[in-house]
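> just the structure for this:
(chains A, B and C)
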Amino acid sequence: MALFRSLYAAYGAQHWWPAETPFEVMLGAVLTQNTAWTNVERALDQLRAQIPLSPEAVLALETPVLAELIRPSGYFNVKARRLCSFCTALVEAGGESVLAALPTDELRRWLLAINGIGPETADDILLYAFERPVFVVDAYTRRLFRRLGLIAGDEGYEQIRQRVETALGPDTALFNDYHALIVRHAKDVCRARKPGCECCLLNRSCAQRAPD
DNA sequence: TGCCAGGGATTAG
DNA sequence: CTAATCCATGGC
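Numbers count the residues shown, from 1 in each chain, chains lettered A, B, ... in the order given. Got it, this is the predicted structure:
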């Protein structure tokens, strides 16, 4: 909580996720897997230029065509398949409105059953598309928590998530800003990226480096 | 110029 | 069951 306050004091409210609709959040969550957001924006722009952003319109594209449109986001063949499996599951389930009626745990299980949706992508979608009180654990979060001594480092994803959620209570607005602030912090922390520099706790190459 | 990015699935040991 | 390895573009 002290960490959250200091990040919030530094950067203020983040108003995430950068998207117009819940479905756009879902697309972005898959496209941003291990990828810089600027590349995802290019991919989404190209996609938006060709089709309305709906699961049906995505499924109407041939997979190779979809792959070409999202090329700038990297891993485009893999991600094209992932978007197809996701959209197929979404349509089969009856759409967002049906899913929105499910309890959070059930919705998470539904997401994790889809090929290409892992724990972080599922939680991005739960928090930023369905507005559920879920704490998202990404590579930055792990690295930062570990270097601050908040975790040992060998914890599993669920363990970290539940620990934070238990400590801070179910608070969608709080978790929204918390994850966004950690990512925001990563953008302007230490640009030196030299082994030995002690300027930050987040970059992979900086001092206090420990196995991620 | 090489390293890294808002991971996840598959294969190897 | 944990540890590589693959997927790939763009910014710095």
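> which residues sit in contact with A:Leu7?
A:178, A:181-182, A:184-185 (CB atoms under 8 Å, 6 or more residues apart in numbering). For the C-beta atoms, the positions are set from N, CA and C on the backbone; glycine is no exception.
> neighbour count for these - can I get that in a markdown table?
Compiled in a markdown table, those are given as follows (neighbours: other CB atoms under 10 Å):
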| residue | neighbour count |
| --- | --- |
| A:Tyr178 | 22 |
| A:Leu181 | 21 |
| A:Ile182 | 22 |
| A:Arg184 | 18 |
| A:His185 | 19 |
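> now secondary structure, pLDDT and distance to A:Gly153 too, for these, in a markdown table please.
A markdown table is the format used below for those (DSSP: H, G, I helix; E, B strand; the rest coil; pLDDT from 0 to 100; distance: CB to CB, whole Å):
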| residue | secondary structure | pLDDT | distance to A:Gly153 |
| --- | --- | --- | --- |
| A:Tyr178 | helix | 98 | 20 |
| A:Leu181 | helix | 97 | 21 |
| A:Ile182 | helix | 97 | 17 |
| A:Arg184 | helix | 96 | 23 |
| A:His185 | helix | 94 | 19 |
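> any idea how far the residue lying closest to A:Asp138 once chain neighbours are set aside is from A:Gln50?
Distances taken as CB to CB, 6 or more residues apart in numbering put A:Glu120 closest to A:Asp138, at 5.5 Å, once the chain neighbours are dropped. Remark: distance between A:Glu120 and A:Gln50 (CB to CB, to the nearest Å) = 28 Å.
> which ones are touching A:His185?
A:7, A:10-11, A:140, A:144, A:202.
> one more time with 6 Å
Contact analysis of A:His185 by CB atoms under 6 Å, 6 or more residues apart in numbering lists A:Leu7.
> contact residues of chain A facing DNA strand C?
Proximity of chain A to DNA strand C (CB under 7 Å from any atom of the strand) is limited to residues A:34-36, A:38-39, A:42, A:71-79, A:191.
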